[in-house]
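Q: Generate coordinates for the sequence data below:
(one chain, ligands or ions: 1)
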Amino acid sequence: MQPASALTLSRSAAAINGIRCLSGIATSEPSNPNVKTKIPGPKSDELKIAMAKVHQNPSVKMFVDYEKCFGNYLVDADGNEILDTFMQISSIPLGYNHPELVALHKDPRLITAAVSRPALGSFPRTDFAKLVDNALISIAPKGLSSVQTMLCGTSANENALKTAFIHYQTAKRGGKSPTAADLESCMNQQLPGTPHLSVLGFHGAFHGRSLAMLSVTRSKAVHKVDIPAHDWPIANFPRYKYPLEKHEEHNHAQDEKCLKEVRDLIAARKNDKRDVAAVIVEPIQSEGGDHHASAEFFHGLQKICKDNGVCFIVDEVQTGAGASGTMWAHEQWNLPSSPDIVTFSKKALIGGYYYKPEFKINEPYRIYNTWMGEPTKLVILEKAVEVMKRENLVKKTKEIGEELIKGLRRLESHYPQKVFNVRGMGTLVAFDTCDTQTRDKLMDIALQKGLQIGGCGDTSIRFRPALIFAEKHLQTTLDLLEKSIKTL
Ligand SMILES: Cc1ncc(COP(=O)(O)O)c(C=O)c1O
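A: Residues are numbered from 1 along each chain as shown. From the prediction side, this is the model:
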């Protein structure tokens, strides 16, 4: 198989030379990881102490020398060169310092948008619609031709829920704007202006950490403890046994059980006059442990939503923009029609959501904030999308993801006590270990060998490489992982 990164880099050679002179940014990948100190090393430790004086830091793992990072390799403050299969929590589409993105520093649109950052809801740039078209509409899921930009995944989800609520109430009013009684009562958080609506989410889900999103985030207690939450219904998300083909009966029963719960919860809330206005779901419950569900499950979920007039929101913040081996993971379900709303961020570089035309909101300031996104990110995404399409990176991601799964299955067969439940979609690949302690230890050992992998849920390891993760990176990953597993 042709290594994707080699292609990408050779075409960009001219840009690379210019950039080296101008900015001293790295222009090539190390051929292998190179670890010189313990990780985090002394320099990172020192920087962490300095950070504590001005900023909270308990989650900081290591400091990074971003100018030295390139492609799939991260270089930390101590000069350790690390193969990064986690890529800033799944968020860098073309790897570090991609030459064609670095070359955008010469693009006046990037400079002016950064220096004179627009309040997009009121004063968008003259080229805003064109930028949105090139960067986001050109990769829109089928059936969704409108988009709203936002700041991050959480704000994308938060505004998607608001959109669903507004749509639900507008439909109840026969398409009319809020009445005088609605406007008056909402100021005291009373009916009818403040409706008793809810959003159905799933155990194990992660949709962000804002106050509203925490009411649908249920991946880990640490995110939720001490924070008041909305009384919104929670259904179980399927928990499959692997390999799938050996556990069809169990897995099908999981789908049925979870869909019944959704149906029952929606009906109970309707009885209670606390209607469910939206269901929000991840294609793969990522932070929660890389739990997958079948296309049949999602078909069933969409049908329940349709039957009940409930907005079907698919959170593709982590799975979107190519990593699943298709531009959007939900495309692999072949739904009869698109979801009502699809949210994104991370590899899409900018947060936001696609929506069906009937979810367009007509009144100003209902979906609004000062920045409402970031045109610099659209300029970068416009180029990233051009590279992704030209280099066929989504297809290559599908192929290399299949190789990664094969490699992990081989490890699973050699180390059945330590590696199990290998699963994946594109390079969104994961496996389970026996317990949290073993999982954390494996991550530490691998990092010390120069391989960064991610953890999720209680016992899982997940891979979230860039779209330029190629054969040679795969071989290094499997090699270092096997060496790490052996020392467990
Ligand atoms: C599925 C999903 N939704 C939402 C979010 C929140 O995104 P952000 O951290 O950009 O606010 C995340 C972050 O990991 C995520 O994985």
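
Q: Just list the residues touching the residue of the chain found nearest the ligand, thanks.
A: Distances between the chain and the ligand by CB to the nearest ligand atom are smallest at Gly153, namely 2.3 Å. Backbone N, C-alpha and C define where each C-beta goes, glycine included. If a contact means CB atoms under 8 Å, 6 or more residues apart in numbering, then Gly153 has His207, Gly208, Asp315, Val317, Gln318, Thr343, Phe344, Ser345, Lys346, Gly351 as its contacts.

Q: Over to Leu488?
A: Leu488 neighbours (CB under 8 Å, 6+ apart): Lys418, Thr438, Lys441, Leu442, Ile445.

Q: and the first one, that one's in a strand?
A: In this case it means Lys418. No: read with DSSP: H, G, I helix; E, B strand; the rest coil, Lys418 is coil and lies in no strand.

Q: quick one: contacts for it?
A: Thr433, Cys434, Thr438, Leu442, Ile485, Leu488.

Q: and the fifth one, what element?
A: Put plainly, it is Ile485. helix 471-486 (DSSP states H and E).

Q: same for that helix, what does it pack against?
A: Other elements packing on helix 471-486 under the criterion 3 or more CB pairs under 8 Å, 6 or more residues apart in numbering; DSSP states H and E are strand 81-84, helix 393-414, helix 436-448, strand 451-452.

Q: Mind listing residues that contact whichever helix or strand comes after the last one?
A: It refers to strand 451-452. Sequence order places strand 454-456 as the next helix or strand after strand 451-452, per DSSP H and E. Contact with strand 454-456 is made by 85-86, 89-90, 286-290, 430, 439-440, 443, 461-464, as judged by CB under 8 Å, 6+ apart.

Q: is the ligand contacted by strand 454-456?
A: No: shown here: strand 454-456 not in contact with the ligand (CB under 6 Å from any ligand atom), separated by at least 9.4 Å.

Q: Convert the following helix or strand past that strand to PDB, retaining C-alpha atoms only.
A: Using DSSP H and E, the helix or strand that follows strand 454-456 towards the C-terminus is strand 460-463. As requested, the backbone C-alpha atoms of strand 460-463 are provided in PDB (Å, rounded to 0.1, in the frame of the first residue of the first chain):
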ATOM      1  CA  SER A 460     -10.000   0.300  26.800                       C
ATOM      2  CA  ILE A 461      -7.200   1.500  24.600                       C
ATOM      3  CA  ARG A 462      -8.200   3.600  21.500                       C
ATOM      4  CA  PHE A 463      -6.300   4.700  18.500                       C
END
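
Q: which secondary structure elements does whichever strand or helix holds Ile280 contact?
A: Taking DSSP H and E as the definition, Ile280 sits inside strand 276-281. Packed against strand 276-281 by the contact rule (3+ CB pairs under 8 Å, 6+ apart) you find helix 153-172, strand 198-202, helix 248-271, helix 295-308, strand 311-315.

Q: Could you single out the most deeply buried of the ones you listed?
A: strand 311-315 (a mean of 28; mean count of other CB atoms under 10 Å).

Q: where does the chain have low pLDDT?
A: Applying pLDDT under 70 to the chain picks out residues 1-23.

Q: hmm, back to that, check what contacts the strand holding Ile280 and list those residues.
A: Under CB under 8 Å, 6+ apart, the answer for strand 276-281 is 157, 160-161, 164-165, 167-168, 197-202, 205, 207, 216, 233, 237, 262, 265-266, 269-270, 298, 301, 304-305, 308, 310-315.

Q: Go again with 7 Å.
A: 157, 161, 164-165, 168, 197-202, 207, 216, 233, 262, 266, 269, 301, 305, 310-315 (CB atoms under 7 Å, 6 or more residues apart in numbering).

Q: Now distance to Val132 and mean neighbour count too, for the helices and strands packed on helix 471-486, in a markdown table please.
A: Output for those, formatted as a markdown table (distance: least, CB to CB, whole Å; neighbours: other CB atoms under 10 Å):
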| stretch | distance to Val132 | mean neighbour count |
| --- | --- | --- |
| strand 81-84 | 30 | 25 |
| helix 393-414 | 20 | 19 |
| helix 436-448 | 38 | 17 |
| strand 451-452 | 33 | 24 |
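
Q: closest one to Phe70 among the ones you listed?
A: Among the helices and strands packed on helix 471-486, the nearest to Phe70 by CB to CB is strand 81-84 (9.5 Å).

Q: Which residues does that closest one contact?
A: 30, 33-34, 72-76, 450-452, 473, 476-477.

Q: if we go to 6 Å?
A: Contact with strand 81-84 is made by Pro30, Pro33, Asn34, Asn72, Tyr73, Leu74, Val75, Gly450, Leu451, Gln452, Thr476, as judged by CB atoms under 6 Å, 6 or more residues apart in numbering.

Q: ok, now stretch 199-208?
A: 153-154, 157, 161, 213, 216-219, 232-237, 265, 276, 278-280, 285, 287-288, 291, 315.

Q: what's Asp182 in contact with, if anything?
A: Pro192, Gly193.

Q: And for Gly351?
A: Met150, Leu151, Cys152, Gly153, Ser155, Ala156, Ser345.

Q: just to revisit the earlier point, the strand holding Ile280 near the ligand at all?
A: No: contact of strand 276-281 with the ligand (CB under 6 Å from any ligand atom) is absent, the minimum separation being 9.1 Å.

Q: Distance of the residue nearest the centre of the chain relative to Ser90?
A: In the chain, the centroid-proximal residue (CA atoms, centre = their mean) is Gln318; its distance is 1.4 Å. Distance of Gln318 to Ser90, computed by CB to CB, to the nearest Å: 5 Å.

Q: shared neighbours, the two?
A: Lys346.

Q: where's the residue of the chain closest to the ligand relative to Ser294, distance?
A: From Gly153 to Ser294 the distance is 24 Å (CB to CB).

Q: what do you get for Lys38?
A: In terms of CB to CB, Lys38 sits 43 Å off from Ser294.

Q: coming back round to it: list just the nearest of the contacts of Gly351 to His223.
A: Gly153 (13.7 Å).

Q: Show me which pair in the contacts of strand 81-84 is furthest apart.
A: Val75 and Thr476 (15.7 Å).

Q: picking that back up, drop anything exposed from the contacts of strand 454-456.
A: Among these, those scoring as buried are 85-86, 90, 286-290, 430, 439, 443, 461-464 (criterion: 16 or more other CB atoms under 10 Å).

Q: can you narrow those to ones near the ligand?
A: Ser286, Glu287.

Q: which residue ranges form the strands in the stretch 1-150 of the chain?
A: Using DSSP state E, counting those that start in this stretch, the strands of the stretch 1-150 of the chain run over 73-75, 81-84, 146-150.

Q: Format those strands as a markdown table; extra columns: distance to the ligand.
A: Converted to a markdown table, the strands of the stretch 1-150 of the chain look like this (distance: least, CB to the nearest ligand atom, whole Å):
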| stretch | distance to the ligand |
| --- | --- |
| strand 73-75 | 18 |
| strand 81-84 | 16 |
| strand 146-150 | 9 |
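
Q: Now these in a markdown table, please, with extra columns for distance to Ile137.
A: Putting the strands of the stretch 1-150 of the chain into a markdown table (distance: least, CB to CB, whole Å) gives the following:
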| stretch | distance to Ile137 |
| --- | --- |
| strand 73-75 | 32 |
| strand 81-84 | 30 |
| strand 146-150 | 6 |
